[in-house]
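Participant: just need the structure, nothing else, for what follows:
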Amino acid sequence: MRVVGLPRAFYRIARRLPLEMSSKGQERRRWLSAWQALREGGLKSGEASERLALSRSSLYRWQRRLAQEGPRGLEERSRKPRRRRSPTWSPELAQAVLRVREQYPRWGKDKLVVLLRRAGWSVSTSMVGRILSRLKARGVLREPPRSGIAVRRRPRRRPYAVRKPKAYQAQAPGDLVEIDTVDVRPIPGVILKQFTARDVVSRWDVLGVHRQAIGPQRLEARNCSHLTGKTRTRRILFASSLILSPNHRNQACLLL
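Facilitator: Below is the predicted model:
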């Protein structure tokens, strides 16, 4: 079999032939033309590149590629690394990882590495993870299908902080109270709890700083008919150390 090649001059001329440039190559060619026009107008290369908001090194690189390779040099090149990490494990180790994973399809690298070391393989956890990723990419290892049976759980009712409906509108004091707690750490080793309660209608606030946010006391306010016009009984939840003075009892009844 005889192989006949064309002269080298043919390939050199073919590289210089005009080709249909991409939008990225055409854009770079326009930037080079504008940069050269600014330089011919009296600006230095650095000043011209600053005016175009481009780096001078990129413009010089495009100019060099255009002179060496022609319009092909302005096209976008591959950004993949020149030297890629090659596998450092042996095919026997890969087969051992595959066998163990097929035996325990739901186990990860942290559990599989223990079985491999018991079998006499000197391997790290990260290497087992890389082997599994390589096997999946090649299509050798396939993940088992997940079970489609879904267990429906009954929603658990919250015994506290029950939210009102979105369309709920507070009309009277006490209809809606906003409660919040915040950690306060003034110095290292000291943790305090700031308790804030605000009535959205009367804008009356109850503030307090305590050492813990557990152990609440229930303050039951009764017989506030002299303020509300009728007898109602509500319970207000305060922090464990929050105590209302007698002067504030009438204000507490306003929230009812």
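Participant: tell me, what's the model's pLDDT at the residue nearest to Pro144 when sequence neighbours are not counted?
Facilitator: Using CB to CB, 6 or more residues apart in numbering and skipping residues adjacent in sequence, the residue nearest Pro144 is Pro105, 4.6 Å away. In this view, the C-beta of every residue, glycine as well, is placed from N, C-alpha and C. Per-residue confidence (pLDDT) for Pro105: 89.
Participant: what of Ser33?
Facilitator: Looking at Ser33, the pLDDT reads 91.
Participant: cool, His226 as well?
Facilitator: His226 is given a pLDDT of 40.
Participant: so for Pro81, what's the pLDDT?
Facilitator: 81.
Participant: ignore what I typed, I meant Leu98.
Facilitator: Predicted confidence (pLDDT) for Leu98: 94.
Participant: phi, psi for it please.
Facilitator: The phi/psi pair for Leu98 (degrees, to the nearest 10) reads phi -60, psi -40.
Participant: how's the protein carved up into domains?
Facilitator: Taking automatic domain parsing as the domain assignment, the ranges for the chain are 20-74, 91-138, 177-254.
Participant: how about low-confidence regions in the stretch 101-250 of the chain?
Facilitator: For the stretch 101-250 of the chain, applying pLDDT under 70 flags the ranges 147-151, 161, 213-250.
Participant: mind doing that once more with 80?
Facilitator: 143-164, 212-250 (pLDDT under 80).
Participant: and the strands in it?
Facilitator: Assigned by DSSP state E, counting those that start in this stretch, the strands in the stretch 101-250 of the chain fall at 177-184, 192-199, 205-210, 217-221, 234-238.
Participant: against Gln103, how distant is Ala119?
Facilitator: Distance, Ala119 to Gln103, by CB to CB, to the nearest Å: 12 Å.
Participant: how about Trp89?
Facilitator: 19 Å.
Participant: who's more crowded, those two?
Facilitator: Shown here are Trp89 and Gln103; by other CB atoms under 10 Å, Trp89 has more neighbours (16 against 10).
Participant: tell me if I'm right that that one and Val128 touch.
Facilitator: No. Between Trp89 and Val128 no contact is recorded; they are 9.3 Å apart, counting by CB atoms under 8 Å.
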